[in-house]
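# I need the structure of the sequence given here:
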Amino acid sequence: MLFQRLFSVGWLVACLVFAYLAWDYQAAFSYEPVGPRAFPLLMLGLMAAALLWLSLRPTRIEHKEGEPVLDRDTLRKVIACIALLLVYAGLFEPLGFIVSSSLAGVFMARLYGGQWKASAIAAVLISIGLYLLFDRTLDVPLPLGVLDFLEL
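Numbering: from 1, shown residues only. The predicted structure follows:
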């Protein structure tokens, strides 16, 4: 339990240092309505709140099941997940947000046991919804890539 608390406090200190460094960040240009520092500060704030709770919680978190073993199947899924995220990063600009996110979503769902049809429907709907949220509502431009003809 002491190790868990020390680890949490260490990460909390790192979050505070990163927040201090990001506080005065000013980009040469800003195309987002809230500015370029809002997202990192929000993430650091949420992480710091969770780490503070982990550091001060009164009891140890007990797991009823044992920790999952790092067997060949689990290691294969971790490596496939990392490879999928690298491919996603490479295809993000050329294919665009909707297509690359849909593909990544389908294969990620399949990696963890999803059915093809349900995975495809969920990935496409989530990708379109996130595109509309970020590009249209929050004014954060995302690339359309191969769907460039849909730009209004």
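# for T59, helix, strand, or coil?
coil (DSSP: H, G, I helix; E, B strand; the rest coil).
# Read off the pLDDT value for it.
pLDDT recorded at T59 is 71.
# Contacts only, for it.
Neighbour list for T59: empty [criterion: Cβ atoms under 8 Å, 6 or more residues apart in numbering]. Using the backbone N, CA and C atoms, a C-beta is placed for each residue, glycine as well.
# Residues in contact with the helix with the most length in the chain: which ones?
In the chain, taking DSSP state H as the definition, the longest helix is helix 72-95. Identification of contacts with helix 72-95 by Cβ under 8 Å, 6+ apart yields 68, 99-101, 103-104, 107-108, 111-112, 143, 145-146.
# which helices and strands sit right next to the helix or strand where A48 lies?
Assigned by DSSP states H and E, A48 falls within helix 38-56. Here helix 38-56 touches helix 2-23, going by 3 or more Cβ pairs under 8 Å, 6 or more residues apart in numbering; DSSP states H and E.
# Show me the shaky parts of this structure.
Filtered on pLDDT under 70, the chain yields the residue ranges 1, 26-37, 60-68, 152.
# immediately after the longest helix of the chain, which helix or strand?
Immediately after helix 72-95, counting by DSSP H and E, sits helix 97-111.
# neighbours of Y131, just the number please.
Per other Cβ atoms under 10 Å, the neighbour tally for Y131 reads 19.
# got a list of what A120 touches?
By Cβ under 8 Å, 6+ apart, the neighbours of A120 are S102, V106.
# and it, backbone torsions?
Main-chain dihedrals, A120, degrees, to the nearest 10: phi -70, psi -50.
# Tell me how far it lies from Y88.
Using Cβ to Cβ, to the nearest Å, A120 is found at 16 Å from Y88.
# Give the buried residues for the helix holding A48.
Residues of helix 38-56 classed as buried by neighbour count (16 or more other Cβ atoms under 10 Å): L41, L44, M47, A48, L51, L54, S55.
# next one: stretch 110-126
Quick answer for stretch 110-126 (16+ other Cβ under 10 Å): G114, S119, A120, A123, V124.
# In three-state terms, label the fourth one for me.
Assigned by three-state DSSP, the conformation of A123 is helix.
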